[in-house]
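Engineer: Sequence and predicted structure, then a few things I'm wondering about:
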Amino acid sequence: MDRKPDLIRYNIFQAFPNICAFTTTKSTLPIDRIRYSNVPENKAKLADVLALKTNQMVYPDQTHSSCVAEIQEAPSSVISETDALVTNQTGLCLCVQTADCVPVLLFDPEAKVIAAVHAGWRGTVGGIVEKAIEKMSNNYGSSAENIVAAIGPSISPEIYEVGDEVVAAARKSIPNVELTLHKNGMGNYHFNLWEANRQLLLKNGVSVQNIEVLGECSFSETKKYYSARRDGIDTGRMVSGIMIL
C-alpha cells in the first residue's frame, strides 16, 4: 500500500487509474470524538482534502446491519439502516466509517462497479460482504472472479477478545472458521475479523490474489487510528471510500 502522511491508498487498486480508494488516518483531519459525517463542516473538510464536492461523498447511517444499498445519485437524505453501498456511477465516492470494525472496498474492473462495506462482527457473521457481492452481480452483472478487494485497518485478532455469542455466530457462518478463532492463555477466544472477511470473499468467488489485507490494528496504533474499544464509542472515525473517476 502507498502510505502518504494523510491517507492510506491500497496497492490492489494501483493498476486501475479510474479508481480512487483510500482510508483516512488521525492526521487526515485532526478531529477527535466526532464522527465525520455527523457534522457538515467535517464532511466539507474531508471532501476538500480529496478535491471533491461534499455531495459526491455518500455515507450510510451505519447500524451494524447486513443491509446493502444501491446508489445511483447523490442521496437527498440519510441512507438509514445500511452498512454497505454499491454503485456503477462515476463521481460518487462511497464511504464507510470505522473505529475498530473492518472497512472492505470492492471493485470489478470489467463490470465497472464498486462497493464500500462496514463489517463489524455482526455484519461479518451476517454475511454483509457476501450480500454486497450479490448486489454487484444481480444489479450490475459483476463476476466475483473479477473483483479486487481491500480489507482495511481494524482491531487485530491479537486484541479482539470476544464472548460466546460471537464465537457461536462465527462457527455458524464463517468458512474455515478455525482460521479465525483462537484461545488466549486465559481460555477466552479472539476473533480475526480480517481473516473472516477474507474467507467470505474467497467463498463467494473472489480470487486469492485479488485480496489485499492491510493488517494494521486500530487499537494498537494509537497515534494513527481511532479505536472505539480503546477510547470509547464516541471517539472519532476513520473514513474508507472508493469512487469511479
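Structural biologist: Alright, I've got the coordinates.
Engineer: after the helix or strand bottoming out on mean pLDDT in the chain comes which helix or strand?
Structural biologist: When the helices and strands of the chain are scored by mean pLDDT, DSSP states H and E, strand 2-3 comes last with a mean of 46. Counting by DSSP states H and E, the element after strand 2-3 in chain order, helix or strand, is strand 7-9.
Engineer: Pull the distance from the next helix-or-strand element following that following strand to the chain's centre.
Structural biologist: Using DSSP H and E, the helix or strand that follows strand 7-9 towards the C-terminus is strand 19-24. Distance, stretch centre to chain centre, for strand 19-24: 11 Å (CA atoms, centre = their mean, to the nearest Å).
Engineer: same check, this time on stretch 221-241
Structural biologist: Worked out by CA atoms, centre = their mean, stretch 221-241 lies 14 Å from the chain centre.
Engineer: Give me the contact list for that stretch.
Structural biologist: With contacts defined as CB atoms under 8 Å, 6 or more residues apart in numbering, stretch 221-241 is touched by 20-28, 31-37, 46, 50, 57, 93-100, 103, 105, 116, 152-153, 155, 159-160, 216-219. Every C-beta, even on glycine, is put in place using the N, C-alpha and C of the backbone.
Engineer: Only the C-alpha atoms, please, for the lengthiest helix in the chain, written as PDB.
Structural biologist: Secondary structure of the chain per DSSP state H: the longest helix is helix 128-140. Extracted in PDB, the C-alpha atoms of helix 128-140 (Å, rounded to 0.1, in the frame of the first residue of the first chain):
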ATOM      1  CA  ILE A 128     -22.600  -8.300   4.500                       C
ATOM      2  CA  VAL A 129     -19.600  -8.800   2.200                       C
ATOM      3  CA  GLU A 130     -21.400 -11.700   0.500                       C
ATOM      4  CA  LYS A 131     -24.500  -9.600   0.200                       C
ATOM      5  CA  ALA A 132     -22.500  -6.700  -1.400                       C
ATOM      6  CA  ILE A 133     -21.100  -9.100  -4.000                       C
ATOM      7  CA  GLU A 134     -24.600 -10.500  -4.700                       C
ATOM      8  CA  LYS A 135     -25.900  -7.000  -5.300                       C
ATOM      9  CA  MET A 136     -22.900  -6.200  -7.600                       C
ATOM     10  CA  SER A 137     -23.700  -9.400  -9.500                       C
ATOM     11  CA  ASN A 138     -27.500  -9.200  -9.600                       C
ATOM     12  CA  ASN A 139     -27.800  -5.500 -10.300                       C
ATOM     13  CA  TYR A 140     -24.700  -4.800 -12.500                       C
END
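Engineer: Of the contacts of stretch 221-241, which qualify as buried by neighbour count?
Structural biologist: Among these, those classed as buried by 16 or more other CB atoms under 10 Å are 20-26, 28, 31, 35-37, 46, 50, 57, 93-100, 103, 105, 116, 152-153, 155, 159-160, 216-219.
Engineer: From residue 188, how far out is the spatially most central residue of the chain?
Structural biologist: Residue closest to the average C-alpha location in the chain (CA atoms, centre = their mean): residue 103, at 1.4 Å. In this view, residue 103 and residue 188 are 26 Å apart by CB to CB, to the nearest Å.
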